[in-house]
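*Asks:* Got a predicted structure here, sequence first:
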Amino acid sequence: MAESQSLKELSRLLRESKLKITALNSKAKTEGLVKEEYENRLIAAMDAAGTETVTNEYGRFGRNETDMPVPKDWEAIHQYVKDNDAFHLLYRQILSTTYRELLNAGEEVPGIETYTKVSISIRKPNGS
């Protein structure tokens, strides 16, 4: 990228890029729903045919079953995690908004290092 690009030109390019990403994300979400519908229909057809796999010129399609957790009682889960030192069950991510609230309240959280992320916010131009 040339350093001589104006603020206006860089703003335009950033705005266009964001709009493209928004459109692609929307398309990907829609296509994901279509894919899920085809998966469900193929699973139903495979069940009806009594088969676990389908092989044809489009590839080999195999049925997979995976047990997925659905939390119902977070208090009981947290107690189990603490009692059994089972922190590996939990997803490791610090919620930035909650962390900032603690910092603003003067609370220090051990084991966390803070850095400042700099980004650009984009709003629609006036009159749009």
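*Replies:* Structure's in. What do you need?
*Asks:* Can you get me a residue count around the nearest residue to I120 once chain neighbours are set aside?
*Replies:* Closest residue in space to I120, ignoring its immediate chain neighbours: L14 at 6.5 Å, by Cβ to Cβ, 6 or more residues apart in numbering. Heads up, the C-betas are built off the backbone N, CA and C, glycines and all. By other Cβ atoms under 10 Å, 12 other residues sit near L14.
*Asks:* cool, A45 as well?
*Replies:* Per other Cβ under 10 Å, the neighbour tally for A45 reads 11.
*Asks:* Surely it forms part of a strand?
*Replies:* No - counting by DSSP: H, G, I helix; E, B strand; the rest coil, A45 is not found in a strand; it is helix.
*Asks:* My guess is the residue nearest to I120 contacts I122. True?
*Replies:* Yes - under the criterion of Cβ atoms under 8 Å, L14 makes contact with I122 at 6.7 Å.
*Asks:* tell me the phi and psi of T55?
*Replies:* Backbone geometry at T55, expressed as degrees, to the nearest 10, gives phi -120, psi 130.
*Asks:* out of everything not next to it in sequence, what's closest to it?
*Replies:* F61 (7.5 Å).
*Asks:* That neighbour against A49, yeah?
*Replies:* No - counting by Cβ under 8 Å, A49 is not a contact partner of F61; they are 11.9 Å apart.
*Asks:* Looking at the two, which is more packed in?
*Replies:* The residue with more neighbours, out of F61 and A49, is F61; 15 against 9, by other Cβ under 10 Å.
*Asks:* which SS state does that one fall under?
*Replies:* Relying on three-state DSSP, one would call F61 strand.
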